[in-house]
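Novice: sequence first, then the predicted structure:
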Amino acid sequence: MNLKQVLKVIKSKKLSKIRNLKHGFFNSVGGHSKNIYKSLNCGPGSNDKQSSVKKNLQKVRKKISIKAKSICLVSQFHSNKFVYIDETYKKKKKPKADAIITNQKFLPIAVLTADCAPILIYDDKIKMVAAIHAGWKGAFKGIINKVVNFMIKKGCKTENMTAVIGPSISSKNYEVKEDFKKKFIKKDKKNSLFFRSGKKKLYFDLTKFIHSSLKVINIKHIDNLKIDTFDIKNNFFSARRALKLKHNDYGRNISIIMLN
């Protein structure tokens, strides 16, 4: 077997303990894409060959479960919009949203990232899952609150929820401008906690901001994987690293969760 083709899936210790659940955070290893998309690019929105992306998505689906239906993705646009898929959901064209919630078994829901944070949520009593794409814009606009509040309306309780913050850019590699910080401080002065200065540069801690957003809404079971997508050693696609290398595009990492 060609070892390069072995999929690398990272799992949360907290979610791995749950029997009726499949999940995984995949990096760039083990796919069919070439060149800057090497190799497990799962982003249909990239300029990669669509045939390669489809093969990669199939590979991920089979890795999650041979019983899994087609992976459900949305057209992400850094919003606080989500889609809820239950037994009455009629599949139209891919909805514009940045999160998916479902109570359906064998339906893998997923988000795509390349430095933004993927968040997977599971309610142990109601048996409901969510996948959230949270870059700074989505997190700032309150996508986490919106998803959790909807799940609560459906009978979930925060004490029964486990939330996992997947691989995303670390604060040491997330340089921002002063006006970026001002936007956060204007919203809440306490947001200064998520910024630090060093060598005349300003850095933002996205995962810390997300972790705090989850704690504020009383989610106590939080797993933060603390894996930096910018660090090339971790083999994740990174939009910021691609920009630094002057690439004209980049691949997307997939994070996925499914009830079974």
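Specialist: Great, that's in hand.
Novice: when you work out contacts or count neighbours from here on, use the C-alpha atoms and nothing else.
Specialist: Noted.
Novice: quick one: distance of stretch 11-21 to the chain centre.
Specialist: 17 Å (Cα atoms, centre = their mean, to the nearest Å).
Novice: correction: stretch 164-171
Specialist: The answer for stretch 164-171 is 9 Å, by Cα atoms, centre = their mean.
Novice: over to stretch 240-257?
Specialist: Between the centre of stretch 240-257 and the centre of its host chain there is 13 Å, according to Cα atoms, centre = their mean.
Novice: who touches that stretch?
Specialist: Outside stretch 240-257, the residues that touch it by Cα atoms under 8 Å, 6 or more residues apart in numbering are 21-28, 36-38, 40-43, 46-48, 108-115, 118, 120, 129-131, 166, 230, 236-239.
Novice: stretch 66-81 too?
Specialist: With contact meaning Cα under 8 Å, 6+ apart, stretch 66-81 is reached by 57-58, 61-62, 94-100, 106-111, 133-135, 137-139, 141-144, 146.
Novice: show the buried residues in those residues.
Specialist: 57, 61, 96-100, 106-111, 133-135, 138-139, 141-144 (16 or more other Cα atoms under 10 Å).
Novice: related to what we said a few turns ago, show me which of the contacts of stretch 240-257 are buried.
Specialist: Buried among the contacts of stretch 240-257 by 16+ other Cα under 10 Å: 21-28, 37-38, 40-43, 48, 108-115, 118, 120, 129-131, 166, 230, 236-239.
Novice: could I get the CA-only coordinates of the lowest-mean-pLDDT helix or strand in the chain as PDB?
Specialist: In the chain, no helix or strand scores lower on mean pLDDT, DSSP states H and E than strand 195-198, which sits at a mean of 95. Taking C-alpha atoms only, strand 195-198 is exported to PDB below (Å, rounded to 0.1, in the frame of the first residue of the first chain):
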ATOM      1  CA  PHE A 195      -5.300  40.000  21.700                       C
ATOM      2  CA  ARG A 196      -1.600  40.200  22.500                       C
ATOM      3  CA  SER A 197       1.200  42.400  21.200                       C
ATOM      4  CA  GLY A 198       4.800  41.400  20.400                       C
END
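Novice: give me the contacts around that strand.
Specialist: 181, 202-205.
Novice: redo that, cut-off 6 Å
Specialist: Strand 195-198 has contacts (Cα atoms under 6 Å, 6 or more residues apart in numbering) with 202-204.
Novice: which one of these sits closest to Phe150?
Specialist: When the contacts of strand 195-198 are compared for distance to Phe150 (Cα to Cα), Phe204 wins out at 28.3 Å.
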